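Student: quick one: sequence plus predicted model below, questions after.
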Amino acid sequence: PDGVDWKADIQWSHAVSSDLLHWEFIEAALVPDGTGSDGFGCWSGSAVVDHGVPTLIYSALGNPSDGHAQQVSIARGSADWRSWNRDPANPVISGPPPELHAIGFRDPYVWADDDGWHMIMGASSGHEAAAILGYSSADLLDWAYDGVVYQRAVSERSSLWTGPLWECPQLPALGQERLLLASVWHDDNFPYVAAMRGRLTGMRFEPGAPTRFDHGPDFYSAAAMTDSSGRLIVVGWSREDGSTATRAEGWTGVISVPRHVDADDVGLIIRPIAELKQLRGDVIASGNHRLAAGSPEVIAEDLIVGEVVVRAPGHVPLRLDVLADDARAHSVVIEYAPERHELIVDRTTASPGASPREGRFTAPVDADRDTVEIRVFLDKTIVEVFVNDRVAFTLRAYPAEGSTGVALTAGVDSHVAVNAWTLEAVR
């Protein structure tokens, strides 16, 4: 937490915002001190309000040499959420059920209903299945184990492989259903977040087929909350990928733009929160562009922090180069291929000084719509793409100096609406 190199003594930082855009960082909420149930790390968890008292429930790393590596602890807060006291009852859960032979047990997600408090933990059933485990409590201190809420075999590969262990599980309400967001862990690799919609009956979850919540390589540890207006808001962690550029500046990793998540009969609806429009600054492009087939049109020469929105007839193939140099030899390429019903994001040439683990990413899209809308957020080393409010990509790219352009190419002669803005710096 005090540098760019990973260390196990993870802490809970604390920031406050009234609009999910502008944040004030205040004193850290939980810092390990080498003693107690969380002396070696205060890891992911949940924040709830218990009879008016702010309460944190989190993964607590005790001394691994004493066998206390996977526990759950709680801390109670002041009315202004500024100071926190660990409960003397900690740890409130001392580890996973031994009969499961779990390879991991972490990241409590907690909610309340008429029956009291409920918790799920990311875990596994040996090496054979990823799982979420259920617990119930009347007071957040004494927890009863409710069994395996849901598990999926490592060998199951239909629709989407979901790995041997789930981290940071989230199970928020989504209409009459619940949405399980499970960050797939595999041998210290973090490939993606799996999303599953289904019914929760008691503490048993029956979902449909899993899908990727984000189709890029750099969206993990999804965190969900329901805001005061009833919207389900999800953010993710976007870690660095193959570059020392940000490390040299003294930081590593960023949080995605907040996403408003909903659902209908077709599937999940994933769109950037409406508040992001407040950040729009100078207008870089506006209106319809007549594009000749195969002829690139420069939309912006210098847009490294900004937003680009492209709307075109659904049958028109498109290529959008962002973070591009003048010759477009280096860029992040966003390609809409209606004949293949596919959206491709390719960063292979974007980072000449980096060695990305992967370069080209694809997702199915509905190309039978009258219109396709591609919305892109750029912030120096992160690119986030949203297509038709259905498909999202998050990826890191580290452009060379001068790679700040945006260009658009259509596969056929067409009229395309393009809007682009700079974005206000957020602190």
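Tutor: That came in fine, so what should we check first? Numbering: from 1, shown residues only.

Student: low-confidence ranges in the stretch 1-150 of the chain?
Tutor: The stretch 1-150 of the chain contains residues with pLDDT under 70 at 66-68.

Student: from the contact counts, what lies against the host helix or strand of residue 237?
Tutor: Per DSSP states H and E, residue 237 falls inside strand 232-238. Judged by 3 or more C-beta pairs under 8 Å, 6 or more residues apart in numbering; DSSP states H and E, strand 232-238 is in contact with strand 220-226, strand 254-255, strand 259-263, strand 391-396. C-beta here means a position set from N, CA and C on the backbone, and glycine is covered the same way.

Student: name the strands paired with that strand and say parallel or antiparallel.
Tutor: As defined by DSSP bridges, the strand partners of strand 232-238 come to strand 220-226 (antiparallel), strand 254-255 (antiparallel), strand 259-263 (antiparallel).

Student: worst average pLDDT in the ones you listed?
Tutor: Mean pLDDT per stretch puts strand 254-255 lowest among the strands paired with strand 232-238, at a mean of 94.

Student: what comes into contact with that one?
Tutor: Strand 254-255 is contacted by residues 235-238, 379, 381-382 when judged by C-beta atoms under 8 Å, 6 or more residues apart in numbering.

Student: about what we covered before: run the chain-centre distance for the strand holding residue 237.
Tutor: Distance of strand 232-238 from its chain centroid, counting by C-alpha atoms, centre = their mean, to the nearest Å, is 4 Å.

Student: could I have the CA atoms of that strand written out in CSV?
Tutor: These are the backbone C-alpha positions of strand 232-238, laid out as CSV (Å, rounded to 0.1, in the frame of the first residue of the first chain):
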residue,chain,number,x,y,z
LEU,A,232,-26.8,-1.3,-9.4
ILE,A,233,-23.3,0.2,-9.8
VAL,A,234,-20.2,-1.9,-10.5
VAL,A,235,-16.6,-0.9,-10.7
GLY,A,236,-13.5,-3.0,-11.3
TRP,A,237,-9.7,-3.0,-10.7
SER,A,238,-7.6,-2.5,-13.8
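
Student: report the buried residues of it.
Tutor: 232-238 (16 or more other C-beta atoms under 10 Å).

Student: what of stretch 256-274?
Tutor: For stretch 256-274, by 16+ other C-beta under 10 Å, it's 256-261, 263, 268, 270-273.

Student: what of stretch 170-186?
Tutor: 170-172, 174, 177-185.

Student: from the buried residues of strand 232-238, which single one is nearest residue 8?
Tutor: Relative to residue 8, the closest of the buried residues of strand 232-238 is residue 237; by C-beta to C-beta it sits at 17.0 Å.

Student: phi first, then psi, for residue 341.
Tutor: phi 50, psi 50 (degrees, to the nearest 10).

Student: kindly reformat the buried residues of strand 232-238 as a markdown table containing pLDDT and distance to residue 139.
Tutor: Shown next, in a markdown table, are the buried residues of strand 232-238 (pLDDT from 0 to 100; distance: C-beta to C-beta, whole Å):
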| residue | pLDDT | distance to residue 139 |
| --- | --- | --- |
| 232 | 98 | 27 |
| 233 | 98 | 28 |
| 234 | 98 | 29 |
| 235 | 98 | 30 |
| 236 | 98 | 32 |
| 237 | 96 | 31 |
| 238 | 95 | 37 |
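
Student: kind regards, and thank you for your time.
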